[in-house]
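Visitor: Build me a structure from this.
(chains A, B, C and D)
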Protein chains: 2
Amino acid sequence: MVGIKELAQKTGFSITTVSRALAEYSDVSAETRAFIRQTAREIGYQPNEVARQLRRQRSNTLGLIIPTYDHSFSEGFFSQLLHGIGDAAGDARYDVLISARSPGDDELEAYKRIVGGNRVDGIILARTRQHDPRIAYLKQVGHPFVVSGRTAPDEIPDFPYIDVDSQAGIYAVTQHLIAHGHRQIGLILPPPDVAYTDYRRRGYADALSDAGIAYQNEWVFSGDLRRSGGYQGMYHLLDHHPTLTAVVCSNDLMALGAMQAAQALGRIVGRDIAVVGFDDLFDAEYAHPPLTTVRQPIYEIGRRLVDLLIGIIQGHPPQETQILLPTELIVRESCGTHIGKGG
Amino acid sequence: MVGIKELAQKTGFSITTVSRALAEYSDVSAETRAFIRQTAREIGYQPNEVARQLRRQRSNTLGLIIPTYDHSFSEGFFSQLLHGIGDAAGDARYDVLISARSPGDDELEAYKRIVGGNRVDGIILARTRQHDPRIAYLKQVGHPFVVSGRTAPDEIPDFPYIDVDSQAGIYAVTQHLIAHGHRQIGLILPPPDVAYTDYRRRGYADALSDAGIAYQNEWVFSGDLRRSGGYQGMYHLLDHHPTLTAVVCSNDLMALGAMQAAQALGRIVGRDIAVVGFDDLFDAEYAHPPLTTVRQPIYEIGRRLVDLLIGIIQGHPPQETQILLPTELIVRESCGTHIGKGG
DNA sequence: GTGAAAGCGCTAACAT
DNA sequence: ATGTTAGCGCTTTCAC
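Guide: A predicted model of the protein is given here:
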C-alpha cells in the first residue's frame, strides 16, 4: 500500500508539502503542486481516509440505522427514503453508513457504537416510536441528527425533523370517502408504539367528527405494517362489522393485503367496499384494482433530511428545522367513488 | 468526549490494561476487568472506531457503490439486494458503507477512494457491464470483492460472483410460451452494455431454436430498464410486427410499461398478447393483470454475497466462489396461456 | 497481571 | 515556499 510517505520520498519533498500540495493549499508553488499531483497519480497514491478521519475528527459520512426486525425494508418507504438520502448525500460528497441490526442486539447499542465511535458526522433516524429512546440519547449526547417522522402528538418535538402531514392526509381521504356517501368507514392502523399512529387516528376521527359521524373504536384495527396486517385487519373488520363500506389503510402494502382479504370474503373491491392506502409502493397505479392512496413525497423527504443534516453539521442550519410536507390524494379505482353516490 | 485516557484515569489503571480488559484479554484479573467494564459503562465510554480502524487496519465494513444515474434504485432489484446485504452484514456484525455518485463523478474514483482509502474491508460490485473497468481495477489492486452478476458470456469470469442463471430463466419462460402455442415472440432487452443482456438473448434464442423457430433480430428491442423502456419496446415491436403474440421483458418494471403500451394499442394483455417479466418488483402478483415472471432470489443473493465476501476477507473462502442460482417460473394471468392453445 | 512506548497515516500548528 | 513536530485515540509488542 502506497502512503503519503512513499509519495514524499518519491517526489523528494516533505510529507507536509505533499499533504498541502494535494489539499490545494496556496502556499505551495504551482510547479511543486503539479509535480506532486502528477507523481501521486503515477504511483496510484490514495490517501488513507481512516487516518484522515482520525486526524480531522470528521468522516464526511452520514449514518442510518435500520431495524431489520420489522421488515422496514420491504415496506418500500425505506427504499425510497434511502434513495433520496443516497442521492442527496452523494451530491454533497458524503457517504452513507448503514447499520442493520436484528432484534437480539440492543438497538441503542448500534447508535452508541456509530455515533460515539465517531464514525459519522451526523445521523438520520427513521421509524420513530413513541417516547423514542434513540431521540433522547441523541439529544443528550448532542450529536447532529435529523429525524424522519416525529414523536407522538402528545410529546414535544424539540428536534429537527421532516415528516409528512399524515393527519391531514388521512383527514383528506376520509373526507373524500364521506363526500362520496360512505358513512361506515374502518381504519387499519400500525402497532400503537409507532409514533405516527395517533396522527392517523386523529385525522380519521376529525373527518368523521366534522361530518357528524361518531368515532367507533371497533372500526379501528391495529396490525403489522405488511400485507399480513392489512389482511388480518380487513378480515377482522368485515367479520365483525360487515356493513362497513370503506376501509382506510395505513400504507399501500397493508391496503393490498386488505383488498385480498375483502376478495376472499366475497367482496368486490371498488364496488362492495372501498379500500385506500397511504403511499408506500413505488407505484400503486398498477395494483389490482389500481389503488387509491395518499401520496407522500418520500424521495423528497430523504433529500431534504440530508440537506438539513448537513446544514446542522456545518453549523448553518436553515430557519426551518421542523418541516411538515403535504400529501396528495390520488384517487383510483379501488376507491369505489360510486358507492352510495346518489342513493 | 470521553476517551480511553479518561477511563484509565478514572479507574487508576493504565491505558493498556483498560484496552485489554475491554477486549476480554485473559491476562487481566477478573476483578480488574469487571471494575473497568463497570466504570466504562458508568462514564459512557465508547471506543473511537476510527482510531481503532486505523490501528487494526480493518474497518468491519463492507462497501457498496451505487450508480445513481441509471435509476438503479427504482428498479426494485437494488432495494432487495441491499436488504439482503444489510441483513447478512448485520448478522455478521459488519456495517455497510454506501456511496452513491452521479454521472459527473468518475465512477472509478469512488472505488479508489473507498477501497484505496481503506474505508472498507471488502466491496460488493453490482450491475456489471461488459468489460467492466471496476472489476479490472479491483482485481489489479487485489482488494477483496464479490460481484452481483457476471461479465458478459464472452469474457472470462475469473472472480467471485453470484448470479442468477438468467439464460436458463429466459429459456424456460420462452419455452413455456412456445408450449402454449406462441410462435412469434418478441424480446425486450436492457441496453447492450449491461453484462447480462447477452445471456438473456441466448436463452431466448436457444428456446426458439430448439423449437425450430428462427431467431429474428427485428423481434428484439433494447431499451432502458424502467417502465419507459418497456413501453417503447412494446410500442415499437407491435408497431412493426403486429403479429407478435407474446413479448418477453427483461424485468418486471419494463413488463409493466410493455403492458401499458399494449393496452394503449388496443391489445388486451393475457388475451391478445402475452407479456412476461423477470423478477424485480417486490410482488408482481398484484400488478394488473397479475404478471407472469421469472422469479429471482434477490434477497438471497444479497445475503450470500455478504457471506462469500466475508469468507474471502477472513481468509476462508468457500469451495464455490462462482455461484449461479436458479430461477423459478411464476405463471400468472398476463401470460395468456390460452393463446393458440388447441386452436 | 500490569505498564511504558511505539506507531497506524495523516493534518496542522509552528517554525524557518 | 518548505520542513519539523506534535498529536488524533487506539492496539500491541515488549518489558517488568
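Visitor: next structured bit after the helix or strand hosting A:G203?
Guide: Element membership of A:G203 [criterion: DSSP states H and E] is helix A:197-210. As assigned by DSSP H and E, the chain's next helix or strand after helix A:197-210 is strand A:220-222.
Visitor: Quick one: list the elements packing against that following strand.
Guide: In terms of contacts (3 or more Cβ pairs under 8 Å, 6 or more residues apart in numbering or on different chains; DSSP states H and E), strand A:220-222 is packed against strand A:185-189, helix A:197-210, helix A:227-240. Where you see a C-beta, it was placed from the backbone N, CA and C, and this is true even at glycine.
Visitor: Report the buried residues of the first one.
Guide: When neighbours are counted by 16 or more other Cβ atoms under 10 Å in any protein chain shown, the buried residues of strand A:185-189 are found to be A:I185, A:G186, A:L187, A:I188, A:L189.
Visitor: strand partners of it, parallel vs antiparallel please.
Guide: strand A:220-222 (parallel), strand A:246-249 (parallel) (DSSP bridges).
Visitor: Do me a favour and average the pLDDT over it.
Guide: Mean per-residue pLDDT for strand A:185-189: 98.
Visitor: Tell me which residue in the stretch 101-250 of chain A sits closest to DNA strand C.
Guide: Nearest to DNA strand C, among the residues of the stretch 101-250 of chain A, is A:N118, at 12.7 Å (Cβ to the nearest atom of the strand).
Visitor: got the contact list for the helix or strand harbouring A:V173?
Guide: Using DSSP H and E, A:V173 sits within helix A:166-179. Residues from elsewhere that reach helix A:166-179, judged by Cβ atoms under 8 Å, 6 or more residues apart in numbering or on different chains: A:185, A:196, A:199-200, A:202-204, A:206-208, A:210-211, A:213, A:246, A:248, A:274, A:276, A:278, A:292, A:294, A:296, A:326-327, A:329, A:331, A:335.
Visitor: Quick one: the strands in the stretch 1-150 of chain A, in order.
Guide: With DSSP state E, counting those that start in this stretch as the criterion, the stretch 1-150 of chain A has strands at A:61-67, A:95-101, A:122-126, A:145-148.
Visitor: ends of stretch A:66-82, how far apart?
Guide: Terminal residues of stretch A:66-82 lie 10 Å apart, using Cα to Cα, to the nearest Å.
Visitor: Now do the residue lying closest to A:S222 once chain neighbours are set aside against B:S148, distance only.
Guide: Counting by Cβ to Cβ, 6 or more residues apart in numbering or on different chains, the nearest residue to A:S222 once its immediate chain neighbours are dropped is A:L189, at 4.9 Å. Counting by Cβ to Cβ, to the nearest Å, the gap from A:L189 to B:S148 is 37 Å.
Visitor: likewise A:G336?
Guide: For A:G336 relative to B:S148 (Cβ to Cβ), the value is 43 Å.
Visitor: related to what we said a few turns ago, which of the strands paired with strand A:185-189 sits most buried?
Guide: Of all the strands paired with strand A:185-189, strand A:246-249 has the most neighbours on average by mean count of other Cβ atoms under 10 Å in any protein chain shown, namely a mean of 30.
Visitor: and the helix or strand following that one with chain B, contact?
Guide: Next in sequence after strand A:246-249, counting helices and strands by DSSP H and E, comes helix A:252-264. Yes. Residues of helix A:252-264 contacting chain B under Cβ under 8 Å from any Cβ of the partner chain: A:L256.
Visitor: Can you give me every residue that contacts the residue of the stretch 101-250 of chain A closest to DNA strand C?
Guide: Here A:N118 is in contact with A:Q53, A:Q57, A:S59, B:M1, B:N48, B:E49, B:V50, B:A51 (Cβ under 8 Å, 6+ apart).
Visitor: hang on, the earlier thing: shouldn't the residue nearest to A:S222 be in contact with A:Y196?
Guide: No. With contacts counted by Cβ atoms under 8 Å, A:L189 stays clear of A:Y196, the gap being 9.4 Å.
Visitor: and the stretch 201-343 of chain A, which residues reach chain B?
Guide: A:L256, A:L281, A:F282, A:D283, A:Y286, A:A287, A:H288, A:P289, A:P290.
Visitor: Out of those residues, which comes closest to A:E6?
Guide: Taking Cβ to Cβ as the measure, A:E6 lies nearest A:F282 of those, at 48.1 Å.
Visitor: Please report phi then psi for the closest one.
Guide: Note on A:F282: backbone dihedrals following degrees, to the nearest 10 are phi -60, psi -30.
Visitor: Quick one: buried ones out of the contacts of helix A:166-179?
Guide: Here, 16+ other Cβ under 10 Å leaves A:185, A:196, A:199-200, A:202-204, A:206-208, A:213, A:246, A:248, A:274, A:276, A:278, A:292, A:294, A:296, A:327, A:335 buried among the contacts of helix A:166-179.
Visitor: neighbours around the closest residue to A:R93 other than its chain neighbours, how many?
Guide: Counting by Cβ to Cβ, 6+ apart, A:N60 is the residue found nearest to A:R93 once chain neighbours are left out, at 6.7 Å. A count of nearby residues for A:N60, using other Cβ atoms under 10 Å in any protein chain shown, gives 17.
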